[in-house]
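*Asks:* starting from these lines, generate the structure:
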Amino acid sequence: MAKKHKKPETKRAPTKRELSRWQRQQRLQRLITLIGVAFLAIIVGFIGFGYYTDHIKPISQPVLQVNNRTFDLGYYTKALGIYSFGSDSSSIPFFVDMTIDRLETGELVKQRATDLGVTVSDDEVKTLIDRLGLPNDQVTKDVISKEMLVGKAVNEYFGADVPTSCEQAKVEAIFVASKKTAEEITAKLATSGNFTALAMQYSEEPITRQRGGDLGWLFKGYSELLLGDLGKSAIEEIAFSTQPQTLSQPVYDESISKRKGYWIVEVLEKDEQKGVHARGILLNTEEKAEEIRGKLQRGEDFATLVRNNSLHEQTKQLDGDLGWIQQSSWYRKDIPMEDLVKAVSQLELGTISEPILDSGAETPGGYWLVRVLEKDTKEMDKDIRDNIKSKSFEAWLDEQKANSKIDNLLDEEKKGWAIARVRKNVEQQRQPK
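*Replies:* Numbers count the residues shown, from 1 in each chain. Below is the predicted model of the structure:
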């Protein structure tokens, strides 16, 4: 019996309504998928942007420019880690400013290394890095090589000119405002006066006053390096031209400033309510004040003498006019001058005053009294030689800074970023493995 063949079922074509619904579902599914992908991309992008903003972008920000070399925050952060290596994380902020200073110094020395005649080999750098236990990366090599260049510059270039021995003088000194005072002190010393006590009482120069006149051993040719501003004065010249166990004559020195001056005042008007209207000239020594007073008494023009001699800038352009003393405010711009106000108030109309002491005005010049105790040509000890080398290098460095284009861009935000990263590295290194 023949088999019956089933007729294949014919699929019914979807209606327009069914097709439309199916297409809508497909589009909706694709839309949902796209939205999901886009949302995921946004999330990933947001996280990536945050990481870039917090971790990548700051690294490239400049923190220091030294002529044609720019250092970014990434370099600085690694350098901070090197200079603070071995320190507790809480101590890292103490190295922040020191690190930027060392980078500046090292780069200036590197840029002038040829002139200084100093070099450092790769082997020298590697040996020191290994000995210190530092990571052997490019920043570390750069930092360490510059530190070695600085050390060689100080010891080899600047140290080459420092003698092992030189002429020395053991010195005591007093600086006073007037020749008259210097002569009074000389008389006291001649009758067994105590130099230390007299220096502490009379010296107008702070170092000699604080030390009771004792300057110890001066090294000929190196006073300025070792004594700073005091070394720029005539003190070395006087010391090495004076015989041992001898007190010098009073020697005038214009280079030292002191808190003392002398006024010559003329009273112009008096009023019971306003007080005293006066004009004055501020001089630096009692002798100069007496000289100007004599010229005024001989009829020379007050305004001309003010313009040519007065050291008080607030009244110099006013021909010395002090105004009405009890009402004027010019003297309050200085240290209050009650002694001057009191002295002027007691003067008669038209009177030219005696020199009036003003212990608040800063004026240049005075007189040295120098006593040389010993003289000898002898060896310098190592500490003195090292000090001279360091001071010579510092003077050279100041000159280089003045002649270089240096821009420090390390602000508080960048400091905080670098500190946080170095602290994180320190803490990670200390975690048990």
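*Asks:* quick check: phi and psi at Leu189.
*Replies:* phi -70, psi -30 (degrees, to the nearest 10).
*Asks:* sorry, that was for Leu128
*Replies:* Main-chain dihedrals, Leu128, degrees, to the nearest 10: phi -70, psi -40.
*Asks:* what about it, how many residues nearby?
*Replies:* 15 (other C-beta atoms under 10 Å). For the C-beta atoms, the positions are set from N, CA and C on the backbone; glycine is no exception.
*Asks:* and what of Ala187?
*Replies:* By other C-beta under 10 Å, the residues close to Ala187 number 10.
*Asks:* any idea which element it lies in?
*Replies:* Taking DSSP states H and E as the definition, Ala187 sits inside helix 179-190.
*Asks:* check Asp376 too.
*Replies:* strand 356-379.
*Asks:* so which bits of that strand are buried?
*Replies:* 356-358, 360-361, 363, 365-372, 375 (16 or more other C-beta atoms under 10 Å).
*Asks:* next: stretch 76-89.
*Replies:* In stretch 76-89, counting by 16+ other C-beta under 10 Å, buried: Tyr76, Thr77, Lys78, Ala79, Leu80, Gly81, Ile82, Tyr83, Ser84.
*Asks:* any idea how far Ile292 lies from Gly366?
*Replies:* 17 Å (C-beta to C-beta, to the nearest Å).
*Asks:* break this structure down into its domains, please.
*Replies:* 61-160+392-430, 257-365 (automatic domain parsing).
*Asks:* rebuild those domains as CSV, extending it with distance to Thr181.
*Replies:* Below are the domains of the chain laid out as CSV (distance: least, C-beta to C-beta, whole Å):
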stretch, distance to Thr181
domain 61-160+392-430, 34
domain 257-365, 8
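*Asks:* okay if I get these as TSV plus distance to Leu230 and mean pLDDT?
*Replies:* Below are those laid out as TSV (distance: least, C-beta to C-beta, whole Å; pLDDT from 0 to 100):
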stretch	distance to Leu230	mean pLDDT
domain 61-160+392-430	16	93
domain 257-365	11	84
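*Asks:* these: which one's closest to Val171?
*Replies:* Among the domains of the chain, the nearest to Val171 by C-beta to C-beta is domain 257-365 (19.5 Å).
*Asks:* how far out from the middle of the chain is that closest one?
*Replies:* Relative to the centre of its chain, domain 257-365 is centred 36 Å away, using C-alpha atoms, centre = their mean, to the nearest Å.
*Asks:* ok, now stretch 173-193?
*Replies:* Taking mean C-alpha positions (C-alpha atoms, centre = their mean), stretch 173-193 and its chain are 37 Å apart.
*Asks:* same check on stretch 372-386?
*Replies:* On C-alpha atoms, centre = their mean, the centre of stretch 372-386 falls 30 Å from the chain's centre.
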